[in-house]
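> quick one: sequence plus predicted model below, questions after.
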Amino acid sequence: MRDVAGRRGVAPWPDWPEWCWLPMAAVAGAGPRRPQDSPRPQDIGRLAALSTWWLDRAVVEVDEDLAVRHLVSPGADIRIDRERLLTGLPAWCPYVLLPPRPETVAEVYWPRGFFVHTEWDAATGGAELRLLMDTDGTWDGLQAIPVHLDQPTVRWSFQDAARVMTANAAAGLVAGAQADDPRLAAGVEMGGLVAAQVWPLVSGLVDPAGRVIGRDRPGEVLERARAERRGTRMVWPLRSRTSFWRVTAGPAPRPVLRPV
């Protein structure tokens, strides 16, 4: 199999019924009880996003004129619109492309794109928005960043994440780290900066003023995959191909004839 970038080695989503679709926390619960006992705990977030992406196999670009509506001043906090983020994603886990890196910002962190999906924390019952940043097109370059949707702003979310990380370190749940380890705070702060960097695209993705149209066929409509009943089973039909889409606030596309 190939993933969104054409690389081999990513398995498709299995034919599980919708009521049996496990959250990411359940994937973690099936493994070692302590993160330090797992050889690669970071793979849990990667597997959760990539497996969910396979439901729709949607790659999305957000038009610049829509994204700029959600720009904020440098250093300003970003309000979290919980309901819109929980219900407004056009696919289960779209892969959102970033525009090419401008030549003037060569030293700035600039990922290729990111997967985005919703999750919930089994420990707290809180909803999360999961950003899986694609830094370099490799498996190890996929970095998961959670945003706590029960917080009012992005800054509050990462302050809350810092408190959770510190408590986990104090309880011995973070391999090789103490509660006062400065790397914990630095890692959480970096996650907040990355989330703020891509937030205009996230907000544009769920903006009610935007429309999702086919990148090559503007008359196409993106519909989420749904489980179907086949006999006594509910199964997820596999998408036959990766599809490419634009989120735009421009004029509605004119209907065109399509080859059949």
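Great, that's in hand. If you're wondering where the values come from, they're calculated on a predicted model, not measured in any experiment. Numbering: from 1, shown residues only.
> least trustworthy helix or strand in this structure by mean pLDDT?
helix 24-29 (a mean of 45; mean pLDDT, DSSP states H and E).
> after that one, which helix or strand is next?
Under the assignment DSSP states H and E, the closest C-terminal helix or strand after helix 24-29 is helix 43-56.
> direction included, what does the helix or strand just after that following helix pair against?
Next along the chain after helix 43-56, taking DSSP H and E as the criterion, comes strand 58-62. Applying DSSP bridges, strand 58-62 is found paired with strand 95-97 (parallel), strand 243-248 (parallel).
> export the ones you listed to CSV and tack on mean pLDDT, distance to residue 139 and mean neighbour count?
Heads up, the C-betas are built off the backbone N, CA and C, glycines and all. Below are these laid out as CSV (pLDDT from 0 to 100; distance: least, Cβ to Cβ, whole Å; neighbours: other Cβ atoms under 10 Å):
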stretch, mean pLDDT, distance to residue 139, mean neighbour count
strand 95-97, 96, 15, 21
strand 243-248, 94, 22, 21
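> those into a markdown table, with extra columns for distance to residue 207?
Below are the strands paired with strand 58-62 laid out as a markdown table (distance: least, Cβ to Cβ, whole Å):
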| stretch | distance to residue 207 |
| --- | --- |
| strand 95-97 | 13 |
| strand 243-248 | 8 |
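> tell me which of those lies nearest to residue 56.
In terms of Cβ to Cβ, the element of the strands paired with strand 58-62 nearest to residue 56 is strand 243-248, at 7.6 Å.
> how about residues contacting that closest one?
Here strand 243-248 makes contact (Cβ atoms under 8 Å, 6 or more residues apart in numbering) with 56-63, 65-66, 90, 94, 204-205, 207, 210-216, 220, 222.
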